[in-house]
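Engineer: give the three-dimensional model of this entry:
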Amino acid sequence: MDARFKDLLDRCLFLDLETGPGGDIHKIGAVHGDRSFMRDPGRSIATIAFRDILRLTA
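Structural biologist: Predicted coordinates:
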């Protein structure tokens, strides 16, 4: 793999949102470097998950 491409991937945040037909977020996941997380329904996704994304990229 080209070193520049690997460097780019190492700095990217990959975000996965599973949504329903009405646009509701059912699950959220993120990967940054070698760290990742996923949140399921039943938790305050907007508050908890986005706070965790900020921690993930810090």
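Engineer: pretty sure residue 8 sits in a helix.
Structural biologist: Yes: assigned with DSSP: H, G, I helix; E, B strand; the rest coil, residue 8 falls within a helix.
Engineer: ok, now which ones touch it?
Structural biologist: Listed by CB atoms under 8 Å, 6 or more residues apart in numbering, residue 8 has no contact partners. (Glycine included, C-beta is placed from N, CA and C.)
Engineer: ok, residue 9 next?
Structural biologist: By CB under 8 Å, 6+ apart, no residues touch residue 9.
Engineer: so residue 31 is in contact with residue 38, correct?
Structural biologist: No: Residue 31 is beyond contact range of residue 38, at 9.7 Å (criterion: CB atoms under 8 Å).
Engineer: pLDDT score assigned to residue 28?
Structural biologist: pLDDT recorded at residue 28 is 84.
Engineer: beta-bridge partners for it, please?
Structural biologist: Counting by DSSP bridges, residue 28 is bridged to residue 17, residue 39.
Engineer: residue 31 and residue 38 - which one has more neighbours?
Structural biologist: A count of neighbours by other CB atoms under 10 Å puts residue 31 above the other of residue 31 and residue 38, at 16 against 13.
Engineer: for that one, give me the pLDDT.
Structural biologist: At residue 31, pLDDT is 92.
Engineer: what strand or helix carries it?
Structural biologist: strand 25-32 (DSSP states H and E).
Engineer: check which helices and strands that strand sits against.
Structural biologist: Counting contacts by 3 or more CB pairs under 8 Å, 6 or more residues apart in numbering; DSSP states H and E, strand 25-32 is packed against strand 13-19, strand 35-39, helix 50-57.
Engineer: that concludes my questions; thank you for your assistance.
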